[in-house]
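Chemist: this one's sequence-less:
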């Protein structure tokens with residue numbers, strides 16, 4: 001035995017060391033395996049966290065009772081501006097139909113009565129005008145089943161159940177909606193709002209007298225009545241010179257006869273100012289040497305919003321609206337304000353003249369008129385009866 005041990009002791013020692021190493025390696029593997037299993041167990045089955053809230057006694061605490069939670073005292077004020085699109089629980093808020101895209105939108109998109117700014121449709125993005133105040137008594141018995149803005153009762157009265165609000169049944173220039181608002185007969189061409197109500201002033205300006213020019217004033221003689229005055233005029237499309245004296249004879253420019261009525265001196269420049277007038281009229285038209293001559297009566301340009309057409313005339317002239325079929329309205333331009341762009345007209349042919357102030361044209365109406373003017377002569381011919389040539 002000893003011989004065997006002495007002969008193989010090295011091998012025996014090496015074998016023992018290998019056994020010890022293998023045992024240690026196995027133990028290490030077991031320890032690692034246990035650690036991994038523990039980590040997995042912690043992740044898979046984490047320990048419950050302690051509660052971070054206080055228990056609530058819903059049955060015993062009075063503030064959680066149904067009659068208190070949903071009481072009127074705690075209800076949302078639907079009339080408040082900040083809560084226009086909020087209601088209690090599942091109750092829907094007020095909706096309205098967009099007049100352009102017909103989408104159901106919150107009623108608050110239409111500004112409140114009395115507001116000046118427009119709202120905006122969230123669907124199509126177009127501007128929505130503020131709501132109008134309507135007398136509830138006026139709406140009683142006036143249903144509008146076709147939702148065209150005109151009560152069914154009024155439509156049935158004139159057999160208009162299939163007509164559109166923008167149609168013109170009697171060809172008087174006014175739509176059914178306009179006639180309903182004015183309470184006029186929509187099928188009688190002589191019954192309609194006054195045409196003057198659709199007239200606006202788009203421009204007021206002083207007009208130059210074409211071809212007329214004061215050339216010189218010969219002031220060598222002591223009496224002004226004997227001064228020789230020279231004008232350039234247009235006659236038969238040709239420029240000519242006319243020599244006249246104050247209160248003596250007349251001269252003609254563009255087939256209009258003029259006479260010299262007075263001569264004054266400018267206080268600042270000491271230049272001569274020659275006053276002329278058209279024969280048969282009482283007026284004073286100032287003329288300065290080598291300067292344009294302007295008509296003292298402003299020229300007014302009217303815009304008819306029914307047709308989109310414009311017509312011009314001078315203060316003191318007459319004009320006619322409408323036709324014999326739809327009723328003629330005669331007016332005379334009394335005055336015009338160049339700064340405010342307004343005009344005063346009065347009725348002609350009645351028992352007593354009635355003065356009417358024609359306001360300046362809104363920007364929207366002026367823009368619409370410019371667009372319609374570009375449509376051509378066919379449109380102008382169709383619109384002619386509603387704003388006749390100025391007389």
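Modeler: The structure has been received and is ready for your questions. These numbers come from a predicted model, not from an experiment. Residues are numbered from 1 along each chain as shown.

Chemist: what residues are up against residue 292?
Modeler: 208, 213 (CB atoms under 8 Å, 6 or more residues apart in numbering). Using the backbone N, CA and C atoms, a C-beta is placed for each residue, glycine as well.

Chemist: Could you pull up phi and psi at it?
Modeler: Here is the backbone geometry of residue 292 (degrees, to the nearest 10): phi -60, psi 150.

Chemist: hang on, isn't residue 158 packed against residue 185?
Modeler: Yes - using CB atoms under 8 Å, residue 158 is in contact with residue 185, at 7.3 Å.

Chemist: For this protein, give me the ranges with low pLDDT.
Modeler: Within the chain, the stretches with pLDDT under 70 are 1, 65-92, 134-142, 161, 365-391.

Chemist: longest helix anywhere in it?
Modeler: helix 2-44 (DSSP state H).

Chemist: Check the offset of that helix from the chain's centre.
Modeler: With CA atoms, centre = their mean, to the nearest Å as the basis, helix 2-44 stands 95 Å off its chain's centre.

Chemist: in this structure, which spans are helices?
Modeler: With DSSP H as the criterion, the chain has helices spanning 2-44, 66-69, 136-139, 152-157, 176-182, 363-373, 377-383.

Chemist: Pick the most buried one from those.
Modeler: Stretch with highest mean neighbour count among the helices of the chain: helix 176-182 (a mean of 19; mean count of other CB atoms under 10 Å).

Chemist: what does that helix contact?
Modeler: With contacts defined as CB under 8 Å, 6+ apart, helix 176-182 is touched by 149-151, 154, 160, 163-169, 174, 185-186, 191-193.

Chemist: Now do the longest helix of the chain: which elements does it pack against?
Modeler: Other helices and strands packing on helix 2-44, by 3 or more CB pairs under 8 Å, 6 or more residues apart in numbering; DSSP states H and E, are absent; none qualifies.

Chemist: Once you drop chain neighbours, what's closest to residue 190?
Modeler: Once flanking residues are discounted, residue 190 sits nearest to residue 327: 4.9 Å by CB to CB, 6 or more residues apart in numbering.

Chemist: For the one you found, give me its contacts.
Modeler: So residue 327 contacts 172, 189-190, 192 (CB under 8 Å, 6+ apart).

Chemist: I'd like those as TSV, with distance to residue 332 appended.
Modeler: Converted to TSV, the contacts of residue 327 look like this (distance: CB to CB, whole Å):
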residue	distance to residue 332
172	23
189	25
190	23
192	22
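
Chemist: Which among the residues you listed count as buried?
Modeler: When those are checked for burial by 16 or more other CB atoms under 10 Å, the buried set is 172, 189, 192.

Chemist: Pretty sure the last one sits against residue 184.
Modeler: Think residue 192. Yes - at 5.2 Å, residue 192 and residue 184 qualify as touching, with contact defined as CB under 8 Å.

Chemist: tell me, what's touching the two both at once?
Modeler: residue 174.

Chemist: So what does the residue nearest to residue 190 look like in phi/psi?
Modeler: Torsion angles, degrees, to the nearest 10, at residue 327: phi 100, psi 120.

Chemist: For stretch 94-105, which outside residues touch it?
Modeler: 84, 106-110, 121-124, 126, 128.

Chemist: all strands of the stretch 51-200 of the chain, in order?
Modeler: 95-97, 104-106, 119-120, 127-128, 199-205 (DSSP state E, counting those that start in this stretch).
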